[in-house]
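[1] what follows is a predicted protein model with its sequence.
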Amino acid sequence: MNKIILSDNNFDLNDIEYSYVEDVINKLKIKIKKNTKLELVIDKEIKLDVLFELLDNVKLDLIIIKKEKVKILTKYKLNTNSILNITEISVSDNINERNIFNLNGEHSKLNFILKTVCKNVEKYDIVVNHNCKNTESNIITNGVNISGNLFFTVTSYVPNGNKNCIVNQQNRIINLTDKECLIRPNLLIDEVDVIANHSALIGSFKDEELFYMERLGIDQNTANKLLIEGFIKNKINKNLANYFKKYWR
């Protein structure tokens, strides 16, 4: 897998066009020319603008790991028949993030999964523009708040005339504190011939889940750790889940 590590400007890329400019706000541009697996690791405090462009008939499997305080704007351009699969892992204390996805070509498809355990302040703003008919987006945001404030805003746009689009959002925050957490799920659909679904849940783990574990002789602290583990591990691979293992060990 190709890897970009934003700590010492160490790049190891093949068959990808890229440029990186250091400034007050660092700028990274990446053009994906053929099917690629890529890992982006942010390992230093940084302000960053990123642009990904996927050419026609290209699939990108992208892993993003944020380890330090970061303020980041990322724009994605998906062209005809392009597929973007993203798994994003946040293990930083402070994140301010905005993602803008432009599905510009027919049959372009986005699958996005975000996993985070929040300890301070984390804000995520996700915008998906279905700029063409026959496009699909599937957004999953999952967060566990253990001592901070966690905010998800997810907005999907489908303008009139862009038929046969599929738009899905699944947003959930497990809030283990009395601090503020917020989900803003927005479906802005101006076309009848569209399949659109969203969910937004904020709360602690279900009473029946904790009660079941209590009946098995599991104390509440251990039960919470086991439930956090299951929640974080769902839909991502084991190696990525290990970034959070200190919260259930």
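    Cool, got the structure. Worth saying up front: this structure is predicted, and the values here are computed from it rather than measured.
[2] could you find the closest non-adjacent residue to Asn186?
    Thr155 (4.0 Å; CB to CB, 6 or more residues apart in numbering). In this view, the C-beta of every residue, glycine as well, is placed from N, C-alpha and C.
[3] give me the number of residues near that neighbour?
    17 (other CB atoms under 10 Å).
[4] contact partners for it?
    Contact analysis of Thr155 by CB atoms under 8 Å, 6 or more residues apart in numbering lists Asp125, Ile126, Val127, Val128, Arg184, Asn186, Leu188.
[5] now intersect these with the strands, please.
    Asp125, Ile126, Val127, Val128, Arg184, Asn186, Leu188 (DSSP state E).
[6] list only buried entries from these.
    Neighbour counting over those (16 or more other CB atoms under 10 Å) leaves Asp125, Ile126, Val127, Val128 as the buried ones.
[7] export those to a markdown table and append columns for distance to Val21.
    Output for those, formatted as a markdown table (distance: CB to CB, whole Å):
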| residue | distance to Val21 |
| --- | --- |
| Asp125 | 24 |
| Ile126 | 25 |
| Val127 | 24 |
| Val128 | 27 |
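[8] now, which of the residues you listed sits nearest Ile113?
    Ile113 has its nearest neighbour among those in Ile126, at 11.5 Å by CB to CB.
[9] surely the closest one and Ile113 touch.
    No - using CB atoms under 8 Å, Ile126 is not in contact with Ile113, being 11.5 Å away.
[10] does His107 touch Asn81 like I think?
    Yes - His107 lies in contact with Asn81 (CB under 8 Å); the separation is 4.9 Å.
[11] on the three-state scheme, Glu39 is what?
    Three-state call for Glu39 (DSSP: H, G, I helix; E, B strand; the rest coil): strand.
[12] check the spacing between it and Glu229 real quick.
    Glu39 is 23 Å from Glu229, where distance means CB to CB, to the nearest Å.
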